[in-house]
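*Asks:* need coordinates for the below:
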Amino acid sequence: MTPEQVYDRRWALTLLEAVLSRLGDEQSAAGRQQIFAQLKEHLWGEARQTGYAETAARLGMTEGAVKVAVHRLRQRLRELLREEVAHTVAIGEEIDEELRHLIGVIRG
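*Replies:* Numbering: from 1, shown residues only. Modelled structure (predicted):
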């Protein structure tokens, strides 16, 4: 990797961690910290330790309810990520381009 690629990857991962932390804070404030802790691993594209069925069993939820909860958390994650990226670009039209770049950098 070039120094620029290393910097971009670190920046992207730092931004993602900050957004996940902010989402976790929101969930804690809403009294859903236990659920969020279990669902967090399903929010990003990395390999998951457990499937939806196993997570649902641990939480005492249906698999469908877990899928809906993950979907909603992913939507909120995207919103928060978009907000954070908006603070780093000069004009609003650059947000989508920066998001695509950021996701590409993280996925490698």
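*Asks:* show me the contacts for the nearest residue to Leu13 once chain neighbours are set aside.
*Replies:* Spatial nearest neighbour of Leu13, excluding adjacent residues (Cβ to Cβ, 6 or more residues apart in numbering): Ile106 at 6.5 Å. Glycine gets a C-beta too; all of them are placed from N, C-alpha and C. Ile106 makes contact with 9, 12-13, 16, according to Cβ atoms under 8 Å, 6 or more residues apart in numbering.
*Asks:* let's have those residues in CSV, adding distance to Leu39, pLDDT and secondary structure.
*Replies:* Formatted as CSV, these follow (distance: Cβ to Cβ, whole Å; pLDDT from 0 to 100; DSSP: H, G, I helix; E, B strand; the rest coil):
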residue, distance to Leu39, pLDDT, secondary structure
Arg9, 25, 92, helix
Ala12, 22, 92, helix
Leu13, 20, 91, helix
Leu16, 16, 92, helix
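*Asks:* list just the nearest of these to Leu77.
*Replies:* Leu16 (8.9 Å; Cβ to Cβ).
*Asks:* ok, the nearest residue to the closest one once chain neighbours are set aside to Gln33 distance?
*Replies:* Setting aside the residues directly before and after it, Leu16 is nearest to Ile106 in space (Cβ to Cβ, 6+ apart), at 6.5 Å. In this view, Ile106 and Gln33 are 25 Å apart by Cβ to Cβ, to the nearest Å.
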